[in-house]
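Chemist: Output the structure for:
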Amino acid sequence: MTETQYNPADGIAFVEGVYMPLAQASVPITDRGFVRSDATYDVVHVWNGRFFRLKDHIERFQASMRGLRMSLPYSSEEMAEILIECVRRSGLRDAYVQMTCTRGIPPRGTRDPRLCQNRFYAFAQPFVWIANEEQRRDGLSMVVSSVQRIPPEAIDPRIKNFHWLDLTMGIFEAYDRDAVAAVLVDRDGNVTEGAGFNVFAVRNGVLATPESGMFEGMTRRTVIELAQELGIGCEVRPVSGDELRAADEIFITSTAGGIMPVTVLDGRIYGNGKPGALTSRLNEIYWQRHGEGWLCTEIDYTTSVA
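Modeler: The predicted structure is shown next:
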């Protein structure tokens, strides 16, 4: 039997203090992160050899861990070094990089989560787009789903988590309705988020994005900051499904794609099927800032920490 050959560009992982090909990485089947979805994670992207908002992502990851009463024996700087090393070893210039903390494996004969040793996993793989090239150029088709998002009183969505069954059912509904994405609503009919993305409505040149019931994405934060810098009105408040349908423009935001236009919502075509002017302007500035190195961390591909 020949030894399996791995291409570093397919991905590099960090598990139990060891760097390895992503294809070899695994999580113990009895880890509560697997059997109980008892975990948190964060995703940061690398573009043209630079991390975008690496410090902010790590700070948010640590806040999520505190919210779940988890801790790790790594400082912020050590986590950053691990993520950088995963990318450096892969050689990837554009990458999707994830860090995960699981509750760990409970001692035999107990279900007490306090007795688990929390585990850290990280990996880098080729950049993952939430929308393909045609969708990013011409816009996505989306529906306002009939599926209700898990209420924040039950699970705080500001803690990034793997509780995705409601979001997954929304995806199935989108496909059933000839769309590719779905935004879920809360019990009052206000839109929250979709699977891995936040949503913005544009009306009379002013942005509006939901204030609660969803994960506060890093790209969402970036759009809010850019809007303030550019003098564009941006309201963070409840946005009803009807208000979203009445918008002049709609776009979604994600680390896995940036700012992406929605040109069809619930079967209605917006902007003659083309991205709106404000959406296009923000998207252009967003990627331009990446090229300028704004809020970026350069990767040195010539050195290794381990």
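Chemist: And the helix or strand Ser141 falls within, what's buried?
Modeler: Here Ser141 sits within strand 140-148, counting by DSSP states H and E. Buried positions in strand 140-148, judged by neighbour count with 16 or more other Cβ atoms under 10 Å: Leu140, Ser141, Met142, Val143, Val144, Ser145, Val147, Gln148. For every residue, glycine as well, the C-beta is placed using N, CA and C.
Chemist: from the residues you listed, which single one is nearest His290?
Modeler: Of all those, His290 sits closest to Leu140, with 21.0 Å by Cβ to Cβ.
Chemist: measure the closest one to Ile250 for me?
Modeler: 9 Å (Cβ to Cβ, to the nearest Å).
Chemist: any common contacting residues for the two?
Modeler: Pro261, Val262 (Cβ atoms under 8 Å, 6 or more residues apart in numbering).
Chemist: Roughly how far does Ser146 sit from Gly257?
Modeler: Taking Cβ to Cβ, one finds Ser146 at 25 Å from Gly257.
Chemist: actually Pro21, not the one I wrote
Modeler: Distance from Pro21 to Gly257, by Cβ to Cβ: 26 Å.
Chemist: What average pLDDT does stretch 244-260 get?
Modeler: In this model, stretch 244-260 has a mean pLDDT of 97.
Chemist: can you count the residues close to the nearest residue to Thr192 once chain neighbours are set aside?
Modeler: Closest residue to Thr192 apart from its sequence neighbours, by Cβ to Cβ, 6 or more residues apart in numbering: Gly213 at 3.9 Å. The number of residues packed near Gly213 is 22, by other Cβ atoms under 10 Å.
Chemist: go on, Gln228?
Modeler: The local packing of Gln228 (other Cβ under 10 Å) involves 11 other residues.
Chemist: Look up the closest residue to it, ignoring the ones flanking it.
Modeler: Nearest non-adjacent residue to Gln228 (Cβ to Cβ, 6+ apart): Cys234, at 6.8 Å.
Chemist: Quick check: that neighbour touching Thr209?
Modeler: Yes. Counting by Cβ atoms under 8 Å, Thr209 is a contact partner of Cys234 at 7.2 Å.
Chemist: Run through the strands of the stretch 101-250 of the chain in chain order.
Modeler: Counting by DSSP state E, counting those that start in this stretch, one finds strands in the stretch 101-250 of the chain at the ranges 119-126, 140-148, 181-185, 191-194, 198-203, 206-209, 234-236, 249-254.
Chemist: Any chance you could list residues touching both of Cys234 and Thr209?
Modeler: Contacts common to Cys234 and Thr209, judged by Cβ under 8 Å, 6+ apart, are Val223, Ile224.
Chemist: So which of those two has more stuff around it?
Modeler: Thr209 (24 against 17).
Chemist: now the residue lying closest to that one once chain neighbours are set aside: how far from Gln135?
Modeler: Spatially, and ignoring its direct neighbours in sequence, Thr209 is nearest to Phe200 (4.8 Å; Cβ to Cβ, 6+ apart). Remark: distance between Phe200 and Gln135 (Cβ to Cβ) = 16 Å.
Chemist: same check, this time on Leu115
Modeler: Counting by Cβ to Cβ, the gap from Leu115 to Gln135 is 46 Å.
Chemist: same question, Trp294
Modeler: From Trp294 to Gln135 the distance is 25 Å (Cβ to Cβ).
Chemist: Go ahead and confirm Arg50 touches Trp294.
Modeler: No. Using Cβ under 8 Å, Arg50 and Trp294 do not qualify as a contacting pair, with a distance of 9.6 Å.
Chemist: Looking at those two, which one has more neighbours?
Modeler: More crowded of Arg50 and Trp294, by other Cβ under 10 Å: Arg50, with 20 against 15.
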